[in-house]
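Peer 1: Turn this into a model:
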Amino acid sequence: MTRVLYPGSFDPVHNGHVEMVETSARLFDEVVVAALINPAKGDGLFGLEERMALLDKCFDHLSNVTTTSFDGLVVDLAAGVGADFIIKGLRAVSDFESELQMAQMNSAISGVETLFLPTASKSSFLASRLIREVARLGGDVSTMVPSAVSEHLIDRYSS
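Peer 2: Now for the predicted structure:
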């Protein structure tokens, strides 16, 4: 049985994230999606509880996917959940540069390897920070995020 960990801030979760999880759920026996508290990204739009609830809604159709949260080292979480690999999505060459460095560091300190999955071209432009900005300015992001997330964004920015 192969278990993989897909970490991210997921603020908010978008269709590119969903694609990565659905692909991973087809390729591996178990997928653990972990919403990380990332101090480098600031407070963010949605709190951890909101992000966890949205992740649960977005992946409730996948029986081999579970969600969790964590605020420490990804490799410690990987060991804690018994992950065989860490999964990271790649949208562009610029993603590869930063993700490769993190993967090498994670391997050096823990031995856990990272597998890179390319996104489909239809979602390669999606980034949570861009979705937050467009939604904040009143733009329609409903085709870029799951419906539960779209509703949450509308509620957040309409108040």
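Peer 1: for the protein, which spans come out with low pLDDT?
Peer 2: 38-43, 159 (pLDDT under 70).
Peer 1: mind listing the helices for it?
Peer 2: Along the chain, the segments classed as helices by DSSP state H run 15-27, 48-59, 74-81, 93-110, 128-136, 147-158.
Peer 1: Can you list the helices and strands that the first one packs against?
Peer 2: Which is helix 15-27. strand 3-8, strand 30-36, helix 48-59, strand 85-90, strand 113-118 (3 or more C-beta pairs under 8 Å, 6 or more residues apart in numbering; DSSP states H and E). C-beta coordinates here come from the backbone N, C-alpha and C atoms, glycine included.
Peer 1: Give me the distance from the longest one to the chain's centre.
Peer 2: The one in question is helix 48-59. Its chain's C-alpha centre and that of helix 48-59 lie 11 Å apart, by C-alpha atoms, centre = their mean, to the nearest Å.
Peer 1: one step back: out of the helices and strands packed on helix 15-27, the one nearest Arg132 is which?
Peer 2: helix 48-59 (12.4 Å; C-beta to C-beta).
Peer 1: Span of stretch 84-95 from start to end?
Peer 2: Terminal residues of stretch 84-95 are spaced 22 Å apart (C-alpha to C-alpha, to the nearest Å).
Peer 1: Buried residues, that stretch. List them.
Peer 2: Residues of stretch 84-95 classed as buried by neighbour count (16 or more other C-beta atoms under 10 Å): 84-91, 95.
Peer 1: can you list the helices of the chain in CSV and add distance to Pro118?
Peer 2: Shown next, in CSV, are the helices of the chain (distance: least, C-beta to C-beta, whole Å):
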stretch, distance to Pro118
helix 15-27, 10
helix 48-59, 20
helix 74-81, 20
helix 93-110, 9
helix 128-136, 18
helix 147-158, 23
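Peer 1: quick one, which of the ones you listed is nearest to Ala34?
Peer 2: Among the helices of the chain, helix 74-81 sits nearest to Ala34 (C-beta to C-beta), with 5.8 Å.
Peer 1: before we move on, the earlier item: tabulate the helices and strands packed on helix 15-27 (TSV), appending distance to Asn15.
Peer 2: Shown next, in TSV, are the helices and strands packed on helix 15-27 (distance: least, C-beta to C-beta, whole Å):
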stretch	distance to Asn15
strand 3-8	14
strand 30-36	14
helix 48-59	10
strand 85-90	12
strand 113-118	15
